[in-house]
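Enquirer: Sequence and computational prediction follow.
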Amino acid sequence: MKYVYFDYNIIRYLEEKKLNLKGLLEKLDSKTSNLQVVYSPAHIEEMIKNLIDDGVGEDTIKNRLKYIEKITRSKAILPYSRESLKQEYIDGAYLSEESPLAMYERLLPTYGQNETVTSHQKQKIENGKINEKNTGITSKEANNTDIKKTLEDNKANLIEIIHHGVISASEEHNIPIPNNLDFNNFCFDMYKKCFLAHEAAIEKIFEEFELRRYFPEKDEKTSTYDVTHAVYASFCDILVTSDKRFLKKAEAAFDWYGVKTKITKP
């Protein structure tokens, strides 16, 4: 079975019939029975943002939730085990059966708790603009640089930041860190042992992209959701997106970090 992760824009295009689900799945694999479309908390959080921040009506949101339930059969990628759900551990995350509506109702009261993360992303975008002004290197020029070499050159600093952040988050949320997690072995195969570490790794890699003006975002919330979609898509076989900026950053991040997920356009 191959797990397919649609970026949120793809789900909206499918729902609005701008894309054909059967045709898209056949493009990914001629034997579509081999494919299982999944969703994640990142999709639900974007929908809650649509409701609260963007003025999208609740009926529209509920219909979208039903559509996600239809195409995924309520199969979701979750970071941790939940006793109330039927789950299967898939090497770093949990393939779970939870209706999108149930997840929506579970996450809705927590919306706004990521404002610190969003504010941090906004500052990174601003820092990138300042860096562009100081260096004279435009985002167009940065897009053509060897960004993976830049990541490699800054690897030790990334590890130090991630290590400190994960230890702090572990203590704050009482989440144990596996004894066999080697922070210095900075790769997906190692960091997937601890979701906190994996999440922090993707976040810091994407922040580095923003700082270096590599396919930069204009909106901090878009940047935040790109990170969370990349975090969950890492556990899948295929990621489909029509967002060029996200595609380019995910390709570079996954290649350097060792994620084997195939990234494709619809």
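Expert: Structure's in. What do you need?

Enquirer: Near residue 203, how many other residues are there?
Expert: If you count neighbours by other CB atoms under 10 Å, residue 203 ends up with 22. Quick note: C-beta positions are derived from backbone N, CA and C, even for glycine.

Enquirer: so it, which of the three states?
Expert: helix (DSSP: H, G, I helix; E, B strand; the rest coil).

Enquirer: Report the separation between the residue lying closest to it once chain neighbours are set aside and residue 167.
Expert: Nearest residue to residue 203, sequence neighbours excluded (CB to CB, 6 or more residues apart in numbering): residue 227, at 5.2 Å. In this structure, residue 227 and residue 167 are 20 Å apart, going by CB to CB, to the nearest Å.

Enquirer: of the two, who's got more company?
Expert: Using other CB under 10 Å, the more surrounded residue of residue 227 and residue 167 is residue 227, with 23 against 13.

Enquirer: hang on, residue 77 in a strand?
Expert: Yes: when classified by three-state DSSP, residue 77 is found to be part of a strand.

Enquirer: Provide a list of residues in contact with it.
Expert: Contacts for residue 77 (CB atoms under 8 Å, 6 or more residues apart in numbering) come out as 3, 5, 38-40, 90, 93-96, 232, 235-236.

Enquirer: List the beta-bridge partners for it.
Expert: residue 95 (DSSP bridges).

Enquirer: about what we covered before: can I get the contacts of residue 77 in a markdown table with neighbour count?
Expert: Putting the contacts of residue 77 into a markdown table (neighbours: other CB atoms under 10 Å) gives the following:
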| residue | neighbour count |
| --- | --- |
| 3 | 20 |
| 5 | 26 |
| 38 | 26 |
| 39 | 24 |
| 40 | 24 |
| 90 | 15 |
| 93 | 25 |
| 94 | 19 |
| 95 | 19 |
| 96 | 23 |
| 232 | 23 |
| 235 | 25 |
| 236 | 25 |
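
Enquirer: Take the residues you listed and keep only those in helices.
Expert: residue 232 (DSSP state H).

Enquirer: Now tell me which of the contacts of residue 77 the prediction trusts least.
Expert: In terms of pLDDT, the lowest of the contacts of residue 77 is residue 90, showing 91.

Enquirer: what's around residue 92, how many residues?
Expert: 17.

Enquirer: rewinding a little: I figured the residue nearest to residue 203 hits residue 206, correct?
Expert: Yes: Residue 227 lies in contact with residue 206 (CB atoms under 8 Å); the separation is 4.9 Å.

Enquirer: about what we covered before: what secondary structure does the residue nearest to residue 203 sit in?
Expert: Per three-state DSSP, residue 227 ends up helix.

Enquirer: would you list every one of the helices in the stretch 101-250 of the chain?
Expert: 115-135, 139-142, 147-153, 155-173, 188-191, 195-211, 220-233, 244-257 (DSSP state H, counting those that start in this stretch).

Enquirer: how far out from the middle of the chain is the third one?
Expert: In terms of CA atoms, centre = their mean, to the nearest Å, the centre of helix 147-153 is set 21 Å apart from its chain centre.
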